[in-house]
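1. Need the 3D shape of this:
(2 chains)
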Amino acid sequence: GAVVSQHPSWVICKSGTSVKIECRSLDFQATTMFWYRQFPKQSLMLMATSNEGSKATYEQGVEKDKFLINHASLTLSTLTVTSAHPEDSSFYICSARDGRSGEGYTFGSGTRLTVV
Amino acid sequence: RKEVEQDPGPFNVPEGATVAFNCTYSNSASQSFFWYRQDCRKEPKLLMSVYSSGNEDGRFTAQLNRASQYISLLIRDSKLSDSATYLCVVNMGAGNMLTFGGGTRLMVKP
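-> Numbers count the residues shown, from 1 in each chain, chains lettered A, B, ... in the order given. Here you go, the predicted structure:
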């Protein structure tokens, strides 16, 4: 089935630094990828929709200048958390849909970000 | 009102029990429906899609009632390995993005 590779799996960084998370579709092309954030004991919340070759669409309340998304190819989307702060600590997950194989969406394995 | 609502649980059941989860969604124009399973500190994984005619996959049965905007998941003969959080997920059609319920936690005990 469709595979979405996400890395790093976890990262610890200092406040004020930037962290880049990569998400790759390994065996299919993804014109659209989705970035979610999940805080402990909460469900996934959509942050933004990443569109290949165009600007990402951000959900209300998500700062586009803080969470930079780049989707330069059909198989790669990146999320950069700029000037990270402790409140940005969360589980970030990307998702994409392989249009060849039904309606299910495949998720990356997630990135656990801890900002100290 | 949340767009997708679930009872958070936890549901504590013994092995072999039958357990049912319910979910309601607010947008009547929603197009696709899914149940995902999420283990602790892991990504969600698709359990099954949900169709109006109802569908079954082994011990799992999913039902959709569009008129009531209600989705259910039934797990028969619960196994210890079924312990997880079950997420009700709806594609509301706009941009194909998914909207997640808060999840229902299931704990199956020996």
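2. mind checking how far the lowest-mean-pLDDT helix or strand in chain B is from the chain centre?
-> Within chain B, no helix or strand scores below strand B:98-100, which has a mean of 88 by mean pLDDT, DSSP states H and E. Its chain's average C-alpha position is 12 Å from that of strand B:98-100, according to CA atoms, centre = their mean, to the nearest Å.
3. Mind listing residues that contact the helix or strand following that strand?
-> Using DSSP states H and E, the helix or strand that follows strand B:98-100 in sequence is strand B:104-109. Residues from elsewhere that reach strand B:104-109 (CB atoms under 8 Å, 6 or more residues apart in numbering or on different chains): B:6-15, B:17, B:19, B:21, B:75, B:78-86, B:88. The C-beta positions use only the backbone N, C-alpha and C, and glycine is treated the same way.
4. could you flag which of these are buried?
-> Buried subset of those (neighbour count, 16 or more other CB atoms under 10 Å in any protein chain shown): B:6, B:9, B:11, B:13, B:19, B:21, B:75, B:78, B:82-86, B:88.
5. isn't B:S72 right up against B:C23?
-> Yes - the criterion here is CB atoms under 8 Å, and B:S72 meets it with B:C23 at 7.2 Å.
6. So those two - more neighbours on which side?
-> Taking neighbours as other CB atoms under 10 Å in any protein chain shown, B:S72 and B:C23 compare with B:C23 leading, 26 against 17.
7. The one helix or strand that one maps to packs against which elements?
-> Using DSSP H and E, B:C23 falls within strand B:19-25. Counting contacts by 3 or more CB pairs under 8 Å, 6 or more residues apart in numbering or on different chains; DSSP states H and E, strand B:19-25 is packed against strand B:4-6, strand B:11-14, strand B:70-75, strand B:84-91, strand B:104-109.
8. Report the angle between the fourth one and strand B:19-25.
-> Direction vectors for strand B:84-91 and strand B:19-25, defined by axes from the mean of the first three to the mean of the last three CA atoms, to 10 degrees, enclose an angle of 30 degrees.
9. thinking again about what came up before, pairing partners for the strand holding B:C23, with directions?
-> Here strand B:19-25 has these sheet partners by DSSP bridges: strand B:4-6 (antiparallel), strand B:70-75 (antiparallel).
10. wait, which of those is closest to B:S53?
-> With respect to B:S53, and counting by CB to CB, the nearest of the strands paired with strand B:19-25 is strand B:70-75 at 13.3 Å.
11. Pull the distance from the closest one to the chain's centre.
-> For strand B:70-75 - counting by CA atoms, centre = their mean - the centre lies 6 Å from the chain centre.
12. can you check stretch A:73-82 too?
-> The answer for stretch A:73-82 is 7 Å, by CA atoms, centre = their mean.
13. Straight-line length of it, end to end?
-> 22 Å (CA to CA, to the nearest Å).
14. Help me see whether that stretch makes contact with chain B, please.
-> No - Stretch A:73-82 does not reach chain B (CB under 8 Å from any CB of the partner chain); its nearest approach is 14.1 Å.
15. Tell me the buried residues in that stretch?
-> Applying 16+ other CB under 10 Å to stretch A:73-82 flags A:T75, A:L76, A:S77, A:T78, A:L79, A:V81 as buried.
16. try stretch B:63-80
-> For stretch B:63-80, the buried set under the neighbour-count rule, 16+ other CB under 10 Å, comprises B:Q63, B:L64, B:Q69, B:I71, B:S72, B:L73, B:I75, B:S78.
17. contact partners of it?
-> B:13-26, B:28, B:30, B:33, B:35, B:47, B:50-52, B:54, B:59-62, B:82, B:86, B:88, B:90, B:106, B:108-110.
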